[in-house]
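Trainee: Got a predicted structure here, sequence first:
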Amino acid sequence: MRWPLVAAKTRGETNEALCAITQAMLRDVRGRPGDQLLRRAMRGWAFVVPRPEPAAVPADVRQALQWVAGASRPLADLLDPAVMRAVLAALRLKQDGAVAAAETQRRKHKVLVHAVHYAVEQRKLEADPLAPIQWRVAETVDQVDPRVVANPAQARALLSAVSYIGCFNRARGRRLVGLFAGMYYAGLRPAEAVAVCRQDCLLPGHGWGEVTLHRTLPQAGARWTDTGRVHDERGLKNRPGGDTRPVPLPPELVRLWRESIDTFGIADDGRLFFNERGGIVAAGTYSRVWRPARLLALPPDLVQSPLAARPYDLRHSALSTWLNAGVDPTEVAQRAGNSVEVLMNRYAKCLYGRTAISNQRIENLLNEYA
């Protein structure tokens with residue numbers, strides 16, 4: 001029912017949630033398949049639209065799904081608070097048993113709510129089993145860890161190291177310097193950075209430039225997209241379709257992007273960053289470049305630390321740097337595509353400069369009465 005209405009990435013997340021809910025509803029019945037086969041059967045075949053033809057389903061997957069059908073509790077069992085609480089408890093955990101992030105818990109809970117309401121609507125349940133249950137997201141840390149934030153010197157060292165990854169002719173790393181630089185100097189999300197097109201950029205020979213963001217290319221997986229491609233084309237995150245977001249580009253970033261265009265050109269559709277075949281840069285591609293770049297750029301003690309462990313941490317570093325530079329949070333939020341509330345909550349632990357300023361003001365006041 002919801003498949004045509006939601007983004008490809010949301011389809012994958014919904015599938016993940018339904019797998020967890022189904023596993024929590026399984027009874028202890030003989031012949032249980034291994035966990036890996038169970039997950040593969042449900043993840044890859046049970047909760048996919050359109051449903052695969054029976055003849056296309058591998059024999060081991062078909063047998064696993066038959067076991068699931070026989071071992072699953074009746075839907076009406078959800079009206080038992082003990083069963084419903086067991087399902088809710090399962091949504092708090094990741095596959096390895098660790099507590100999932102708060103946003104992951106909320107997302108899975110939302111899928112359960114939709115499923116239950118649909119069952120009530122279709123008269124498969126006589127009442128809402130969630131109504132009498134009080135449930136809260138388990139406490140997790142949603143704030144950015146200040147240890148991941150790179151300072152400007154470290155960020156420049158990392159970008160320089162990226163250019164040395166891979167042989168010179170294939171330019172595996174050099175192709176991606178501008179991509180990573182966009183995450184650091186402009187605070188772009190990876191899905192925004194891979195979608196940047198030349199026609200949306202103002203890149204003057206001197207001074208600040210600007211990029212007008214209007215689309216993203218999140219990597220969702222071919223199974224979930226309508227086109228059968230790995231990347232889905234979407235608008236900006238948390239924005240209505242067709243909305244745009246202008247982002248100023250510092251002179252250093254303008255220079256790097258101009259150098260990238262002069263060296264590698266642009267893709268057929270105008271994208272600044274692309275792989276050797278002109279395709280969209282995959283997350284696995286830039287992650288495989290980032291890992292050796294960290295080894296090259298950072299001293300051993302920092303390599304073992306969380307500092308810039310993921311490419312996304314470059315965005316965290318950018319926003320933290322802007323806030324500590326004294327840029328108004330409203331302006332930072334506008335550039336980053338966040339709300340001020342989310343921005344301040346997530347980066348509260350990274351505001352080193354503001355802490356020092358506050359300490360000095362308190363000290364000054366105390367000294368007045370000494």
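Mentor: Arrived safely.
Trainee: Tally up the residues packed near Cys197, please.
Mentor: Neighbourhood size, Cys197 [other C-beta atoms under 10 Å]: 17. C-beta: built from backbone N, CA, C; applies to glycine.
Trainee: Across the sheet, point out what pairs with it.
Mentor: Note on Cys197: beta-bridge partners by DSSP bridges are Arg271.
Trainee: can I assume it is in contact with Phe274?
Mentor: No. At 10.9 Å, Cys197 does not count as touching Phe274 under the criterion of C-beta atoms under 8 Å.
Trainee: what sits in contact with each of the two?
Mentor: Ile266 (C-beta atoms under 8 Å, 6 or more residues apart in numbering).
Trainee: Pretty sure Trp208 sits against Val254.
Mentor: Yes. With contacts counted by C-beta under 8 Å, Trp208 reaches Val254, the gap being 7.1 Å.
Trainee: Residue ranges in the chain under the pLDDT threshold?
Mentor: Along the chain, the model assigns pLDDT under 70 to residues 138-141, 351-357.
Trainee: show me where the chain has strands.
Mentor: Here the chain has its strands, by DSSP state E, at 201-202, 209-213, 245-249.
Trainee: Output the contacting helices and strands for the last one.
Mentor: Contact here means 3 or more C-beta pairs under 8 Å, 6 or more residues apart in numbering; DSSP states H and E; on that basis strand 245-249 packs against strand 209-213, helix 329-336.
Trainee: same thing but at 6 Å, please
Mentor: Applying 3 or more C-beta pairs under 6 Å, 6 or more residues apart in numbering; DSSP states H and E, we find strand 245-249 packed against strand 209-213.
Trainee: Next, the buried residues of the strand it packs on.
Mentor: By neighbour count on 16 or more other C-beta atoms under 10 Å, the buried set for strand 209-213 is 209, 211, 213.
Trainee: quick one: the first one from Gln95, how far?
Mentor: Taking C-beta to C-beta, to the nearest Å as the measure, Gly209 and Gln95 are separated by 43 Å.
Trainee: got it, and the last one?
Mentor: Taking C-beta to C-beta as the measure, Leu213 and Gln95 are separated by 34 Å.
Trainee: Could you give the separation of stretch 3-19 from the chain centroid?
Mentor: How far stretch 3-19 lies from its chain's middle: 14 Å, per C-alpha atoms, centre = their mean, to the nearest Å.
Trainee: what does that stretch rub up against?
Mentor: 42-43, 47, 49, 107-108, 111, 218, 220-221, 224-225, 232, 234 (C-beta atoms under 6 Å, 6 or more residues apart in numbering).
Trainee: hmm, which of the residues you listed are the buried ones?
Mentor: Buried among the contacts of stretch 3-19 by 16+ other C-beta under 10 Å: 42-43, 47, 107-108, 111, 218, 220, 224-225, 232, 234.
Trainee: which of those residues sit farthest apart?
Mentor: Met42 and Arg234 (25.9 Å; C-beta to C-beta).
Trainee: Dump the buried residues of strand 209-213 into a markdown table; add distance to Gly173 as well.
Mentor: A markdown table is the format used below for the buried residues of strand 209-213 (distance: C-beta to C-beta, whole Å):
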| residue | distance to Gly173 |
| --- | --- |
| Gly209 | 23 |
| Val211 | 22 |
| Leu213 | 25 |
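Trainee: Show me which of those is closest to Gly31.
Mentor: Among the buried residues of strand 209-213, and counting by C-beta to C-beta, the member closest to Gly31 is Leu213, at 52.2 Å.
Trainee: and of the strands of the chain, who's closest to Trp135?
Mentor: strand 245-249 (35.0 Å).
Trainee: can you pull the buried residues of that closest one?
Mentor: Applying 16+ other C-beta under 10 Å to strand 245-249 flags 245, 247, 249 as buried.
Trainee: Would you mind giving the buried ones among the contacts of stretch 3-19 as JSON lines with distance to Thr321 added?
Mentor: Listed next are those as JSON lines, based on distance: C-beta to C-beta, whole Å:
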{"residue": "Met42", "distance to Thr321": "43"}
{"residue": "Arg43", "distance to Thr321": "39"}
{"residue": "Phe47", "distance to Thr321": "42"}
{"residue": "Arg107", "distance to Thr321": "30"}
{"residue": "Lys108", "distance to Thr321": "34"}
{"residue": "Val111", "distance to Thr321": "36"}
{"residue": "Pro218", "distance to Thr321": "25"}
{"residue": "Ala220", "distance to Thr321": "30"}
{"residue": "Trp224", "distance to Thr321": "35"}
{"residue": "Thr225", "distance to Thr321": "35"}
{"residue": "Asp232", "distance to Thr321": "30"}
{"residue": "Arg234", "distance to Thr321": "27"}
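Trainee: For burial, what's the neighbour tally of Arg189?
Mentor: Residues near Arg189, counting by other C-beta under 10 Å: 19.
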